[in-house]
Structure formats: C-alpha cells, structure tokens
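Novice: give me a model of this one.
(chains A and B)
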Amino acid sequence: MLAIRKFRFIHHFLCKNAARYNTTDRGVRGLYDRSAEISRSNDDMPISMENPYKEEPKGCILCNVTVDHKNVQLLSQFVSPHTGCIYGRHITGLCGRKQREVSKAIKKAHHMGFMSVTLKDPSFMKDPNICHIKHME
Amino acid sequence: MPRYELTLILKAMQRPETVATLRRTVETLIERGAVVRGLENLGERALPYKISKHGIRHTRGGYFLLDFHSQSEILPAFLDHLKRDVDVVRPTVLSKETAAANTRCCVPQPEKPKDALPRRK
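Specialist: You can find the predicted model right below:
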C-alpha cells in the first residue's frame, strides 16, 4: 500500500516538473521503458494513399447510349407489357436525364406512329428484363 | 447534319405508286427551296395502331425518312400540303440539330460523409 502511494507521489512529481527532469514527449513513461528510442522511427505509421477498396462511380444502364425515338425495341424495354404505360424512375433505375429522354422519346414514337400506346409489341416480349419489376406469370 | 427530318408513313401501295408519291413529295420540297440530303426506306410494316385517314382505315404502311435543309418558314405550308395528300397517312417533321455533347453523363453525386447529421425536413 505504502509502496503504491510512494510510486504515485513520484509519478505525480515527475509529471509536474516535466521540463526539469527531462521527461520526453512521450511523457513520464519515457523514463520507465528503454525501448522508446527504438520504436520512435516512423516505420509503423500508416502510409497515406488513395482508398484501394474504392468502388468505381456507377452510372445508369443507358449511360453512354443515345436514345432515339425510332429505336422502338429499346424504348419498349421501359414499358409495361400489359398496359403499355411507361415505368417510373424507381422501377427503371435510370438517372434523371436519361429517364426524361426515354419518356420524351416514347411519347414522340407514340405520336409519330412508331410505337403502340396501349400494348407492347409482341415481338419484344421476350427481351431481357432491365427494370426492377417482377411480372406475375 | 440535316436540319430537318421528315418521317413519312405512306399507304401500303404497289411500288410504282409509292415511287410516284415520294417523287412528288420531294419535288414539292425542292420547289419551295429546300435541299434534300437523303431518303431512307424503313420498310413496309404493320402500323402500331390502326390509323383512319382520308376515309380509309389503314393497317399497314410504308415508313420513309427524308433528311433536308430548309428555311423554317416553308414548313407549315408544306405540312399542310402533305396532310391533303391522299396517299400520305402520317407526316411528321422534326428538327435534327445535334445536341451538345453530353459530358459527365450519369456521374453519380459524391456521397455525403456518413457522419453528417440527417437534414430535418
């Protein structure tokens, strides 16, 4: 008990008079362990580098694809096979710009007589499903 | 680049009649001072929906694409002329200006740091 008290007193004393008693920047501990000098070099410090696990910036599926009102097969992939209505952004997963382009192109195709309004062309029914929607069979 | 693009849907006809219709359309255009760049045939196919025009209910049609440069003033009169043509089912003129090259297409916004407090609405 007394030993502990004494130790604490010395420790406290050294802390207070740090400059005088040549305690290092590691504090009073520098006086206690001799291995301070060995591990002072910066070999263990983390090297600053770019995050190696960084994911590539992902774009939407139509990222570098031009949307044309004549390309009825592409436009039909964003249209319901039952009603022919255009899917919303939460279903297609397109970015704002592309969703607007697709929507405008579909309406243009409707008006110009390229694409059907109330149904999806039967020859395009077997196309792969891009949109996040599951149809009941 | 072509300045205007005319999408012409013609009645399903025999070849000589289709040729005659296209010929007189292009001649009308040239008369009004347009420069025709080219004519593309997209084939004869079934229309997506039945179109009633000039007293006939059309089921099939021939699709043609006509690129031309012209003044914008002649277009309303030209479209009017096309609408009166019995063999033409649906004419549509679209301007074909090249859009500005879309840089940074679909580049996702930088993610906010997770420590950021949620915004109160």
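
Novice: buried residues, stretch B:61-72. List them.
Specialist: Using 16 or more other Cβ atoms under 10 Å in any protein chain shown as the test for burial, stretch B:61-72 gives B:61-64, B:66-68, B:70. For the C-beta atoms, the positions are set from N, CA and C on the backbone; glycine is no exception.

Novice: next one: stretch B:19-35
Specialist: Quick answer for stretch B:19-35 (16+ other Cβ under 10 Å): B:21-22, B:25-26, B:28-29, B:34.

Novice: show me what the lengthiest strand in chain B is packed up against.
Specialist: Counting by DSSP state E, the longest strand found in chain B is strand B:35-53. With contacts defined as 3 or more Cβ pairs under 8 Å, 6 or more residues apart in numbering or on different chains; DSSP states H and E, strand B:35-53 has these neighbours: helix B:15-31, strand B:56-69, strand B:88-95.

Novice: run through who's touching that strand.
Specialist: A:70, A:113-118, A:121, B:2, B:9, B:12, B:22, B:26, B:29-30, B:57-70, B:88-90 (Cβ atoms under 8 Å, 6 or more residues apart in numbering or on different chains).

Novice: now do that strand, average pLDDT.
Specialist: For strand B:35-53, mean pLDDT is 94.

Novice: partners of that strand, with directions?
Specialist: strand B:56-69 (antiparallel) (DSSP bridges).

Novice: please compute how far the partner strand lies from its chain's middle.
Specialist: Strand B:56-69 sits 9 Å away from the centroid of its parent chain (Cα atoms, centre = their mean, to the nearest Å).

Novice: what about residue 5, how many residues close to it?
Specialist: Reading this off chain A. Residues contacting A:Arg5 under the criterion other Cβ atoms under 10 Å in any protein chain shown number 9.

Novice: wrong one, I was asking about chain B
Specialist: Using other Cβ under 10 Å: B:Glu5 sits among 17 other residues.

Novice: doesn't it belong to a strand?
Specialist: Yes. Counting by DSSP: H, G, I helix; E, B strand; the rest coil, one finds B:Glu5 located in a strand.

Novice: count the residues that sit near the residue lying closest to it once chain neighbours are set aside.
Specialist: Nearest residue to B:Glu5, sequence neighbours excluded (Cβ to Cβ, 6 or more residues apart in numbering or on different chains): B:Lys96, at 4.6 Å. Applying other Cβ under 10 Å, we find 14 residues neighbouring B:Lys96.
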